[in-house]
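Trainee: take this sequence and fold it.
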Amino acid sequence: MDNAVFEDGFSYGIFKVGEQVKFTIKEGYHVRADLLENIAVDNNGGYILTVPNEKYIESTLIHNYVEVIDEAVSPTCTQTGLTQGKRCSACGEVIIEQETIPASGHTYDQEVASGSYLQSEATCTESAKYYYSCDCGERGTETFDYGEPADCNYVNGICQWCGQEAITEGLVFTLINEDTEYSVTDYTGTATEVYIPSTYNGKPVTSIGESAFANCDLTSVTIPDSVTNIGSVAFYTCMGLTEIVIPDSVTSIGSNAFAYCINLISVEISDSMTSIAESAFYYCRSLTEIVIPDSVTNIGSAAFSHCSSLTEIVIPDSVTNIGISAFYDCMGLTEIVIPDSVTSIGDNAFKKCIRLTEIVIPDSVTSINSGTFSECSSLTEIVIPNSVTKMGSDAFSGCSSLAEIVISDSVTSIGDNAFYGCSSLTSITFKDTSTWYYTEWYSNWEKKTGGTQIDVTNSSSNVTYFTDTYHDYYLYKL
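Mentor: Next comes the predicted model:
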């Protein structure tokens, strides 16, 4: 009999049926309930067992249960759960067995607005959309709206989501052309990025008026395709403006339209432009690049004067006239090609282009006017074509690197100081040396009368004449 101590000190034994056996119970055990009728308690706290009609008595005593609760485990969407159970901590016997609870499956009812659940960003017409999720983090297929719609996303003045045009606050619109169109005539706002709409109050915006943005602190401006005209002084002294795109709809730009935009770096001129107005980009000293389209026939006076950062410019074959001082003081220019289409180059057109080393004058040009290449101190070579008949006053004065010059047969008059200050000249050769005269009077020169004949057969002596002795005289040929 396990877990008992007999009176003789043994803990087990073999007994006869009906025999009375005295024992005590080890701590933590008790008599089996089905044997209680065969057991009596003696006066000493022990027990007396009358052996029943079995050959052996086993497990007469069983231990006292120490119950432990096995906690229930709730199921998740992916894992099974368990019911509450009970067992004996002493022997491990299961009193109440735990049963398995099936997994619950995903329930997509969580609204989590984080990047991994984002379906689409907010636009100006819709809030952001996110996928519903399960407690476990699994993403569902249905979405919910979160937050408010965003502001319009303008690119070049057009919202990329809804197509709405931007209208910068502070633009002043004035009706023109019998009240059928609008012109932007003033700007009273504070925004530095300005978007001009193509329509206003249902009518097209076709013009930017004179001085509309003059002296404004703009950094960028978007001009719509509806605009055909940019007025004089429209963006005068907009010192913060760094680039400008003039749409193809623009056919004319007024004088001084972008003058003194000192931080303007690049300009794209409309393919519809036929003329670049007087002083249009005057003193745009940061301008490094400009593309003149094939539609342009005229470059106005001082159009790019003092654009000191301009290093290269391509004049298209469409241009016939380069105005007075058009590229005056463009000290960054190193080379320029004048196309055969050009018939007229104005006074001082390339004066003070101090880095210009070479220039080719086309056969279409008949006159090199006053000061055209004056103070081009790096100019080393000049070819005067047979088409040129007149060289104006100071035409090449101050070209201190010019070593020699050949004057073609076609030239019939040379103005005063044409080569004055050309300190490197060693040779001036006349193709036609006959009947040349000099005079100190402009009127005589213009009429080709009253002069004194001069010998121009010696190329070395000619250098002295033109740079010293007769530098301030006019020469003409009969």
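Trainee: bridged to the most centrally placed residue in the chain, which residues?
Mentor: In the chain, the residue lying closest to the centroid (C-alpha atoms, centre = their mean) is residue 155, at 10.5 Å. On the basis of DSSP bridges, residue 155 is bridged to residue 158.
Trainee: gap between it and residue 226?
Mentor: Distance from residue 155 to residue 226, counting by C-beta to C-beta, to the nearest Å: 18 Å. For the C-beta atoms, the positions are set from N, CA and C on the backbone; glycine is no exception.
Trainee: would you confirm that residue 82 contacts residue 101?
Mentor: Yes - at 6.4 Å, residue 82 counts as touching residue 101 under the criterion of C-beta atoms under 8 Å.
Trainee: give me the common contacts of those two.
Mentor: Both residue 82 and residue 101 are in contact with residue 73, where contact means C-beta atoms under 8 Å, 6 or more residues apart in numbering.
Trainee: residues touching the residue lying closest to residue 334 once chain neighbours are set aside, list them.
Mentor: Closest residue to residue 334 apart from its sequence neighbours, by C-beta to C-beta, 6 or more residues apart in numbering: residue 355 at 5.0 Å. By C-beta under 8 Å, 6+ apart, the contact list for residue 355 reads 331-334, 378.
Trainee: count the residues that sit near the residue nearest to residue 433 when sequence neighbours are not counted.
Mentor: For residue 433, ignoring the flanking residues on the chain, the nearest one in space by C-beta to C-beta, 6+ apart is residue 457 at 4.6 Å. Using other C-beta atoms under 10 Å, residue 457 is surrounded by 11 other residues.
Trainee: the contacts of residue 355: which two are farthest apart?
Mentor: 332 and 378 (11.6 Å; C-beta to C-beta).
Trainee: returning to that earlier point: neighbour-wise, give me the winner out of the contacts of residue 355.
Mentor: residue 333 (25 neighbours).
Trainee: now the nearest residue to residue 407 once chain neighbours are set aside: phi and psi?
Mentor: Nearest non-adjacent residue to residue 407, counting by C-beta to C-beta, 6+ apart: residue 430, 5.0 Å away. Backbone torsions for residue 430, taken as degrees, to the nearest 10, come to phi -100, psi 130.
Trainee: same check, this time on residue 409
Mentor: phi -60, psi -30.
Trainee: pretty sure residue 68 is touching residue 88, no?
Mentor: Yes - look at residue 68 against residue 88 with C-beta under 8 Å: they come within range, at 7.3 Å.
Trainee: where does confidence bottom out across the contacts of residue 355?
Mentor: Among the contacts of residue 355, residue 334 carries the weakest pLDDT, at 89.
Trainee: contact partners for that residue?
Mentor: By C-beta under 8 Å, 6+ apart, the neighbours of residue 334 are 311-312, 355-357.
Trainee: which of the residues you listed tops the neighbour count?
Mentor: residue 356 (23 neighbours).
Trainee: could you pull up the residues touching that one?
Mentor: 333-336, 350, 373, 376, 378-379.
Trainee: cool, residue 192 as well?
Mentor: Neighbour list for residue 192: 217-220, 240 [criterion: C-beta under 8 Å, 6+ apart].
Trainee: what helix or strand is residue 150 located in?
Mentor: Following DSSP states H and E, there is no helix or strand that holds residue 150.
Trainee: my read: it touches residue 125, true?
Mentor: No - under the criterion of C-beta under 8 Å, residue 150 makes no contact with residue 125, lying 9.3 Å away.
Trainee: per-residue pLDDT, the residue nearest to residue 433?
Mentor: For residue 457, the predicted pLDDT is 95.
Trainee: ok, residue 268 next?
Mentor: 86.
Trainee: got a list of what the nearest residue to it once chain neighbours are set aside touches?
Mentor: Among residues not flanking residue 268 along the chain, residue 245 sits closest, at 4.8 Å (C-beta to C-beta, 6+ apart). Counting by C-beta under 8 Å, 6+ apart, residue 245 touches 222-223, 268.
Trainee: kindly report the same for residue 119.
Mentor: Listed by C-beta under 8 Å, 6+ apart, the contact set of residue 119 reads 129-131, 143.
Trainee: now, which of those residues sits nearest residue 208?
Mentor: residue 129 (41.1 Å).
Trainee: roughly how far apart are the closest one and residue 140?
Mentor: Residue 129 is 12 Å from residue 140, by C-beta to C-beta.
Trainee: ok, residue 231 touching residue 258?
Mentor: No - in this structure residue 231 lies outside contact range of residue 258 using C-beta under 8 Å: 11.6 Å.
Trainee: quick one, which of those two is more surrounded?
Mentor: Ranked by neighbour count (other C-beta under 10 Å), residue 231 and residue 258 place residue 258 first, with 26 against 21.
Trainee: need the contact partners of stretch 298-308.
Mentor: 255, 274-285, 287, 290, 292, 310, 313, 315, 319-332, 346.
Trainee: what count of nearby residues applies to the closest residue to residue 181 other than its chain neighbours?
Mentor: Spatial nearest neighbour of residue 181, excluding adjacent residues (C-beta to C-beta, 6+ apart): residue 206 at 4.5 Å. Residues lying near residue 206 (other C-beta under 10 Å) number 20.
Trainee: check which residues of stretch 335-354 are buried.
Mentor: Within stretch 335-354, the residues that count as buried by 16 or more other C-beta atoms under 10 Å are 336, 338, 342, 345-354.
Trainee: got it, and stretch 208-218?
Mentor: 208-214, 216, 218.
Trainee: shaky segments in the protein?
Mentor: 1-15, 26-36, 45, 51-65 (pLDDT under 70).
Trainee: helices of that one, residue ranges please.
Mentor: Using DSSP state H, the helices of the chain run over 442-447, 459-464.
Trainee: okay, the ones you listed in TSV with distance to residue 25 next?
Mentor: Shown next, in TSV, are those (distance: least, C-beta to C-beta, whole Å):
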stretch	distance to residue 25
helix 442-447	148
helix 459-464	143
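Trainee: take these and write them to CSV, including mean neighbour count and distance to residue 73.
Mentor: Below are the helices of the chain laid out as CSV (neighbours: other C-beta atoms under 10 Å; distance: least, C-beta to C-beta, whole Å):
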stretch, mean neighbour count, distance to residue 73
helix 442-447, 14, 113
helix 459-464, 16, 110
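Trainee: so for residue 475, which of those helices sits nearest?
Mentor: Proximity to residue 475 (C-beta to C-beta) singles out helix 442-447 among the helices of the chain, at 7.7 Å.
Trainee: contacting residues around the closest one?
Mentor: 413, 415, 439, 450-451, 474-476.
Trainee: from the buried residues of stretch 335-354, which single one is nearest residue 397?
Mentor: The closest of these to residue 397 turns out to be residue 351 (C-beta to C-beta; 9.3 Å).
Trainee: what's the distance between the nearest residue to the closest one once chain neighbours are set aside and residue 470?
Mentor: Closest residue to residue 351 apart from its sequence neighbours, by C-beta to C-beta, 6+ apart: residue 374 at 4.5 Å. Residue 374 is 18 Å from residue 470, where distance means C-beta to C-beta.
Trainee: of the two, which one has the most company?
Mentor: Taking other C-beta under 10 Å, residue 374 and residue 470 do not tie; residue 374 has more neighbours (27 against 20).
Trainee: ok, which pair from the contacts of helix 442-447 is furthest apart?
Mentor: Among those, 415 and 450 lie farthest apart (C-beta to C-beta), at 16.3 Å.
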